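[1] okay, structure incoming, though there's no sequence with it:
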């Protein structure tokens with residue numbers, strides 16, 4: 001791959017995840033402070049990510065893979081996204097905001113697959129080259145969070161003044177830039193002949209359902225759906241929690257989670273090889289329990305280090321469960337169902353699992369909110385901690401260990 005192409009793809013990844021991290025991290029705080037949203041309404045807003053994940057395969061499978069170059073549809077989607085993001089910036093109540101955030105997620109979630117498609121199409125050895133491009137996405141997310149904290153939009157005083165509204169304007173501009181920039185990217189023509197028949201089950205990865213006949217894979221599949229329930233608590237509540245208890249520069253501090261992803265991604269092959277798949281998955285599950293216990297009993301004073309450790313565990317929580325799960329799925333599926341199996345797991349986790357998780361998180365958050373809008377965070381965080389522990393124990397008891405080779 002030419003250096004010029006690598007630079008182009010890296011900047012594309014940087015903008016893609018700068019956009020996502022530039023508004024999604026602080027969304028929960030914005031909803032509560034600017035729009036006075038309830039926990040249930042916040043759950044509705046965060047659930048748009050799941051609806052986007054469910055609808056995305058149709059956009060990719062029925063349109064992008066058949067009729068248009070991937071870089072062109074990437075550009076169109078981000079230009080539409082820029083307009084929707086600007087409308088979100090102007091919204092003053094949840095009723096007006098929700099249709100825009102739902103529409104935005106429907107056009108944004110397919111772009112996550114499109115940037116990968118554009119990248120892989122230019123690579124001679126994706127296994128070695130992709131990580132050096134994808135890491136700029138993580139850097140983009142970190143820069144977005146750092147910028148929000150540098151501009152002081154996430155301080156307790158600024159949040160009270162409604163400054164988080166600016167994140168949507170910043171993201172709208174970045175989305176417009178990526179939309180226009182996408183048309184300069186290397187050409188990525190359709191992969192499938194437009195006359196070739198595509199079934200709904202093929203698009204959604206349902207052809208891989210036969211893998212569920214394998215007892216171990218069925219247990220892993222169920223665990224993947226269930227572990228997304230505590231994951232939803234983090235996405236929905238972490239930013240409001242840190243802001244409410246008075247943690248300064250909270251958005252930058254949350255980006256420590258992305259920094260740790262890079263570290264734990266490097267540690268994953270060594271852990272995987274030494275301890276095997278089952279122990280790797282269990283380490284990821286138990287990390288969720290530990291993280292939420294740290295959140296429950298930490299504070300913004302002398303015990304703030306507990307919150308920082310909880311955030312830094314994100315790499316262990318995410319990489320050791322989801323990335324190793326992708327490797328396990330790839331190994332179990334074989335050549336015939338590789339793509340279908342990954343699509344099925346994505347639909348089950350980011351689609352169904354997160355949808356259930358956001359709904360439950362909304363109910364529990366409202367349950368522990370007082371009349372002044374403040375929360376009993378200790379009680380809130382105990383729920384996902386306990387749930388993750390139960391899932392881990394059941395997985396440890398029921399899943400039979402099997403040898404899986406780590407494939408980079």
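    Received, thanks. Keep in mind the model is a prediction, meaning the values are calculated, not measured. Numbers count the residues shown, from 1 in each chain.

[2] from here on, contacts and neighbour counts on C-alpha atoms
    Noted.

[3] and the next helix or strand past the one helix or strand in the chain whose mean pLDDT sits lowest?
    When the helices and strands of the chain are compared on mean pLDDT, DSSP states H and E, helix 200-204 comes out lowest with a mean of 59. Remark: after helix 200-204, the chain's next helix or strand is helix 215-244, criterion DSSP states H and E.

[4] report all helices and strands that the helix or strand hosting residue 391 contacts.
    Here residue 391, judged by DSSP H and E, is contained in helix 377-398. The contact analysis (3 or more C-alpha pairs under 8 Å, 6 or more residues apart in numbering; DSSP states H and E) places helix 377-398 against helix 215-244, helix 256-297.

[5] what's the angle between it and helix 256-297?
    Going by axes from the mean of the first three to the mean of the last three C-alpha atoms, to 10 degrees, helix 377-398 is angled at 110 degrees with respect to helix 256-297.

[6] any stretches of the protein with poor pLDDT?
    Within the chain, the ranges that satisfy pLDDT under 70 run 59-66, 127, 191-208, 334-340, 342, 404-408.

[7] most packed of the helices and strands packed on helix 377-398?
    Of all those, helix 215-244 carries the top mean neighbour count, a mean of 21, counting by mean count of other C-alpha atoms under 10 Å.

[8] continuing past it, what's the next helix or strand?
    Next in sequence after helix 215-244, counting helices and strands by DSSP H and E, comes helix 250-254.

[9] contacts for that following helix?
    25-26, 142, 145-149, 154-155, 239, 242-243, 308, 311 (C-alpha atoms under 8 Å, 6 or more residues apart in numbering).

[10] mind doing that once more with 10 Å?
    The contact list for helix 250-254, computed with C-alpha atoms under 10 Å, 6 or more residues apart in numbering, reads 21-22, 25-26, 142-150, 152-156, 238-243, 247, 307-308, 310-312, 314.

[11] narrow the residues you listed to those in helices?
    Mapping the contacts of helix 250-254 onto helices (DSSP state H) picks out 21, 142-150, 156, 238-243, 307-308, 310-312, 314.

[12] only whichever of these are buried, select them in ChimeraX.
    Those of these that count as buried under 16 or more other C-alpha atoms under 10 Å are selected in ChimeraX with:
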select :21,142,143,144,145,146,147,148,149,156,238,239,240,241,242,243,307,308,310,311,312,314
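
[13] is residue 67 in a helix, a strand, or coil?
    coil (DSSP: H, G, I helix; E, B strand; the rest coil).

[14] pretty sure it contacts residue 188?
    No: using C-alpha atoms under 10 Å, residue 67 is not in contact with residue 188; the gap is 11.4 Å.

[15] rewinding a little: okay if I get the helices and strands packed on helix 377-398 as a markdown table plus distance to residue 395?
    Listed next are the helices and strands packed on helix 377-398 as a markdown table, based on distance: least, C-alpha to C-alpha, whole Å:
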| stretch | distance to residue 395 |
| --- | --- |
| helix 215-244 | 7 |
| helix 256-297 | 8 |
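
[16] closest one to residue 123 among those helices?
    Ranking the helices and strands packed on helix 377-398 by distance to residue 123, with C-alpha to C-alpha as the measure, places helix 256-297 first at 21.1 Å.

[17] ok and the closest one relative to helix 215-244, angle-wise?
    Using the same axes, to 10 degrees, the inter-axis angle of helix 256-297 relative to helix 215-244 is 80 degrees.

[18] elements contacting helix 256-297?
    helix 126-150, helix 215-244, helix 304-312, helix 314-318, helix 324-346, helix 377-398 (3 or more C-alpha pairs under 10 Å, 6 or more residues apart in numbering; DSSP states H and E).

[19] a markdown table for the ones you listed, including distance to residue 167?
    Shown next, in a markdown table, are the helices and strands packed on helix 256-297 (distance: least, C-alpha to C-alpha, whole Å):
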| stretch | distance to residue 167 |
| --- | --- |
| helix 126-150 | 7 |
| helix 215-244 | 14 |
| helix 304-312 | 21 |
| helix 314-318 | 23 |
| helix 324-346 | 28 |
| helix 377-398 | 25 |
